[in-house]
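Participant: Here is my input; please provide its structure:
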Amino acid sequence: MNGDEIITAAYAHELPKYGITVGLTNYSAAYATGLLLARRTLTKMGLADMYVGKEEADGEMYEVEADGDKRPFRVLLDVGLQSTTTGAKVSKVTLVK
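Facilitator: Numbering: from 1, shown residues only. Got it, this is the predicted structure:
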């Protein structure tokens with residue numbers, strides 16, 4: 001296979017459907033878009049019930065551990081040669097299996 005394979009995608013302009021209506025270009029929107037991408041990927045892979053995430057925000061560190069032969073995905077932000085300055089557009093997030 002040549003090139004990249006897109007498994008799932010999520011965009012900040014989709015966040016109003018989930019109740020986030022302001023600040024769609026800030027750090028919080030980037031985090032929420034990452035969460036949306038993660039949930040979509042887990043659902044597509046049939047793992048959404050196994051990895052439900054943190055259900056109550058309490059400020060404590062939360063990390064998912066491997067469970068048997070299935071382990072959580074890792075996602076890497078790949079900006080390539082793009083500058084990571086305010087207002088920069090990020091073109092790709094890489095899912096590592």
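
Participant: Look at the residue nearest in space to the middle of the chain and report its pLDDT.
Facilitator: Centroid-nearest residue in the chain, with C-alpha atoms, centre = their mean: Gly34, separated by 2.5 Å. As predicted, Gly34 sits at a pLDDT of 84.

Participant: May I ask you to confirm that it belongs to a helix?
Facilitator: Yes: assigned with DSSP: H, G, I helix; E, B strand; the rest coil, Gly34 falls within a helix.

Participant: any idea how far Val22 is from it?
Facilitator: 18 Å (C-beta to C-beta, to the nearest Å). (Each C-beta comes from the backbone N, C-alpha and C, glycine too.)

Participant: cool, Arg71 as well?
Facilitator: Relative to Val22, and taking C-beta to C-beta, Arg71 is found at 36 Å.

Participant: Neighbour count for these two, which is higher?
Facilitator: Arg71 (12 against 9; other C-beta atoms under 10 Å).

Participant: how close does that one sit to Gly53?
Facilitator: In terms of C-beta to C-beta, Arg71 sits 15 Å off from Gly53.

Participant: Mind telling me what element Tyr31 is part of?
Facilitator: helix 27-44 (DSSP states H and E).

Participant: list the contacts for Leu15?
Facilitator: With contact set as C-beta atoms under 8 Å, 6 or more residues apart in numbering, Leu15 has these partners: Thr21, Leu24, Ala29, Ala32, Thr33, Leu36.

Participant: I'd say the fifth one and Ala12 touch.
Facilitator: In this case it means Thr33. Yes: using C-beta atoms under 8 Å, Thr33 is in contact with Ala12, at 5.0 Å.

Participant: Extract the residue ranges of this structure that are flagged as low pLDDT.
Facilitator: 1, 4, 75-80, 82, 89-97 (pLDDT under 70).

Participant: If we use 80, what do you get?
Facilitator: Within the chain, the segments meeting pLDDT under 80 span 1-6, 25-27, 64-97.

Participant: Tell me where it has strands.
Facilitator: Using DSSP state E, the strands assigned to the chain run over residues 74-78, 92-96.
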